[in-house]
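*Asks:* Fold the following and give me the result.
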Amino acid sequence: MTADPPRPAPRLGLPAHHAWLDAECRRLLAFGARSALPDGGAAYLDTAGVPDPGHGVLTWITARTTHAYSLGVLLGVPGSAPVADAALAALTGRLRDTAHGGWFHALGPDGTPDRAAGKSCYDHAFVLLAASSAALAGRPGGTGLLTDAAEVHLTRFWDDAAGRPLDTWDADFTRPDDYRGLNATMHSVEAMLAVADAVEVLDDPAGTAVGGGAAAWRDRAARAARFVVDLAAAHDGRLPEHFGPDWTPDLDFHRSRPDDPFRPYGATPGHGLEWSRLLVTVEAAMGADATLAEAAVRLFDRAVADGWDADGAAGFVYTTDWDGTPVVRQRMHWVVAEAIAAAAALHRRTGERRYADSYAAWWDYAERHLLDRTGGSWWHELDPQNVPATTVWPGKPDIYHALQATLLPRLPLAPTLARALRSGLLDPPPAADSRPESG
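*Replies:* Down below sits the predicted model:
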């Protein structure tokens, strides 16, 4: 009997694969460069990468663009600085509410601030992330924005008694909404870890003083993360997304609007994957914690079991019911990007081959179905037959998720992206991680 040939080495860590990731990273940065607006801000891009003025200027798009192109600056990619600076100019300028503080959700096509949407933690978490990356990339105004964004986040959104943030205020910051959400919490954790890394490196005393310093920011992130550990255990790895003011889950929220782009009904496998990666990142920042690692595995396994190939076709469904039955079967690009990042993180954390195999399978899926080699970037939404669709996400708004999927597999679990790039940690060997020294 002939023995089976040895399995090929995992794709993770191969120099040729890292070169492929680098090329894809640069392709994405080239596509998104047209988002820079002359008056400051970042445009919502259509399928060809052309700014779509009908969407106005969105704070979360502008902040994510500032973050992405600050990473481009740290990577040394030509053309990144003007895009980062154009986006940053709106965060320090016309998107700010100088009367009541914080940032408007958006400016309309005519430049009028959107006051009806109020002030959201989701938007402000991305401003905080953008400021951290811009400051570490040395962009003009980045450090000042970091100080301001940190103060707003702490005074308006962070609920220290609960150990997690409020979700939404009215436009004047006079009344918070009763709704609490896990999506804003997730991006706050991401941003707070980035702030910790930024203030630990920067010499600016005002920046380092806000919020009690790096250790305090990491502690806040860890408190919110441990809430998710408990949620994952209580709900068999399916995370409730929507809560009342006392953080009681509302499992029927938006049952009549199941495909909402930000607050869909049911469990969202993509967020289970995103939280899985973040829990591993929190552990790397704080020190070994088996409960975080175990919860990361639980979330990953549940998201894959419920979401991947769930209806007879390749891809992750958008949402499921509380028994794992698919509800919205559209395929979103960001879910695959987060699956790739989570698999890479868990492989680095555990060394288990199954994560490397999933990582390879999901990049194969992305190459076949999501990467648009003609028009650029990634299709943001596919239908259940993996045909490009616009039911939830028209166009190709920004490159945040896809760009990070090309970088996270080539970096250690800590520190966060901008600090890791600034410290020259890109493309480390695929070995067990330890947190690098400050500096």
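*Asks:* tell me the contacts of M186?
*Replies:* 271, 274-275, 278 (CB atoms under 8 Å, 6 or more residues apart in numbering). All C-beta spots, glycine's among them, are computed from the backbone N, C-alpha and C.
*Asks:* what residue ranges in the chain are flagged as low confidence?
*Replies:* Counting by pLDDT under 70, the chain contains low-confidence residues at 1-9, 203-209, 428-439.
*Asks:* just how off-centre is stretch 367-378 within its chain?
*Replies:* Taking CA atoms, centre = their mean, to the nearest Å, the mean C-alpha location of stretch 367-378 is offset from the chain mean by 20 Å.
*Asks:* which other residues reach it?
*Replies:* Contacts to stretch 367-378, defined as CB under 8 Å, 6+ apart, come from residues 24, 27-28, 30-32, 45, 47-49, 314-315, 331, 333, 336-337, 366, 379, 382, 386, 396, 399, 402.
*Asks:* These in helices, which ones?
*Replies:* Counting by DSSP state H, the part of those found in helices is 24, 27-28, 30-32, 333, 336-337, 402.
*Asks:* got those as TSV, with neighbour count columns?
*Replies:* TSV is the format used below for those (neighbours: other CB atoms under 10 Å):
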residue	neighbour count
E24	19
R27	18
L28	25
A30	16
F31	22
G32	29
H333	24
V336	26
A337	26
A402	27
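*Asks:* Need these in TSV (columns: distance to P165).
*Replies:* Conversion of the ones in helices among the contacts of stretch 367-378 to TSV gives the following (distance: CB to CB, whole Å):
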residue	distance to P165
E24	33
R27	35
L28	29
A30	35
F31	32
G32	28
H333	26
V336	27
A337	24
A402	26
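*Asks:* Greatest separation within these: which pair is it?
*Replies:* Comparing all pairs in these by CB to CB, the longest separation belongs to A30 and V336, at 20.7 Å.
*Asks:* now the helices: where do they sit in the stretch 1-150 of the chain?
*Replies:* For the stretch 1-150 of the chain, the helices defined by DSSP state H, counting those that start in this stretch occupy 15-32, 59-75, 80-91, 121-136, 142-152.
*Asks:* Tabulate these (a markdown table), appending distance to G108.
*Replies:* What follows is those, written out as a markdown table (distance: least, CB to CB, whole Å):
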| stretch | distance to G108 |
| --- | --- |
| helix 15-32 | 22 |
| helix 59-75 | 13 |
| helix 80-91 | 14 |
| helix 121-136 | 15 |
| helix 142-152 | 22 |
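*Asks:* quick one, which of the ones you listed is nearest to A361?
*Replies:* Using CB to CB as the measure, helix 15-32 is the one of the helices of the stretch 1-150 of the chain that comes nearest A361, at 13.8 Å.
*Asks:* Give me the contacts around that closest one.
*Replies:* By CB under 8 Å, 6+ apart, helix 15-32 touches 11, 45, 49, 65, 68-69, 72, 75, 77, 79-80, 83, 371, 376-378, 396, 398-399, 402-403, 406-407, 409-410, 427.
*Asks:* Can you select the buried ones from the residues you listed in ChimeraX?
*Replies:* Entered in ChimeraX, the line below selects the buried ones among those, by 16 or more other CB atoms under 10 Å:
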select :11,45,49,65,68,69,72,75,77,80,83,371,376,377,378,396,398,399,402,403,406,407,409,410
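*Asks:* any idea where the strands of this protein begin and end?
*Replies:* Across the chain, reading from the start of the chain, the strands by DSSP state E fall at 57-58, 106-107, 119-120, 158-159, 164-165, 168-169, 180-181, 242-243, 319-320, 326-328, 331-332, 381-382.
*Asks:* can you list those strands in CSV and add distance to A196 and mean neighbour count?
*Replies:* Converted to CSV, the strands of the chain look like this (distance: least, CB to CB, whole Å; neighbours: other CB atoms under 10 Å):
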stretch, distance to A196, mean neighbour count
strand 57-58, 27, 26
strand 106-107, 29, 22
strand 119-120, 22, 26
strand 158-159, 14, 16
strand 164-165, 16, 26
strand 168-169, 25, 21
strand 180-181, 23, 24
strand 242-243, 25, 20
strand 319-320, 32, 25
strand 326-328, 35, 19
strand 331-332, 29, 27
strand 381-382, 34, 23
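*Asks:* In CSV: those, plus distance to D39.
*Replies:* Compiled in CSV, these are given as follows (distance: least, CB to CB, whole Å):
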stretch, distance to D39
strand 57-58, 8
strand 106-107, 9
strand 119-120, 22
strand 158-159, 32
strand 164-165, 31
strand 168-169, 26
strand 180-181, 31
strand 242-243, 36
strand 319-320, 37
strand 326-328, 36
strand 331-332, 31
strand 381-382, 29
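*Asks:* A36: which of these is closest?
*Replies:* Set against A36 and scored by CB to CB, the strands of the chain come closest in strand 57-58, at 11.5 Å.
*Asks:* Please list the outside residues in contact with stretch 254-269.
*Replies:* Residues beyond stretch 254-269 that count as contacts (CB under 8 Å, 6+ apart) turn out to be 122, 181, 183, 235, 238-242, 252-253, 302-304, 306-308, 316-322, 324, 327-328, 330, 335, 391-393.
*Asks:* and if you look at stretch 223-230?
*Replies:* Taking CB under 8 Å, 6+ apart as the criterion, the residues outside stretch 223-230 that touch it are 163-165, 182, 185, 188-189, 192, 239, 247, 275, 278-279, 282, 291-292, 295.
*Asks:* ok, which stretches of the stretch 151-300 of the chain are helices?
*Replies:* In the stretch 151-300 of the chain, helices defined by DSSP H, counting those that start in this stretch lie at 182-201, 205-209, 214-234, 269-286, 290-307, listed in chain order.
*Asks:* Let's have those in TSV, adding distance to R156.
*Replies:* Formatted as TSV, those follow (distance: least, CB to CB, whole Å):
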stretch	distance to R156
helix 182-201	12
helix 205-209	18
helix 214-234	14
helix 269-286	22
helix 290-307	28
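*Asks:* Of all those, which one comes closest to G108?
*Replies:* Distances from G108 to each of these were compared using CB to CB; the minimum, 22.9 Å, belongs to helix 182-201.
*Asks:* just the angle between that closest one and helix 142-152, please?
*Replies:* Here the directions of helix 182-201 and helix 142-152 differ by 130 degrees (axes from the mean of the first three to the mean of the last three CA atoms, to 10 degrees).
*Asks:* Next, the contact list for P249, please.
*Replies:* When the contact criterion is CB under 8 Å, 6+ apart, the partners of P249 are 231, 235, 240, 242-243.
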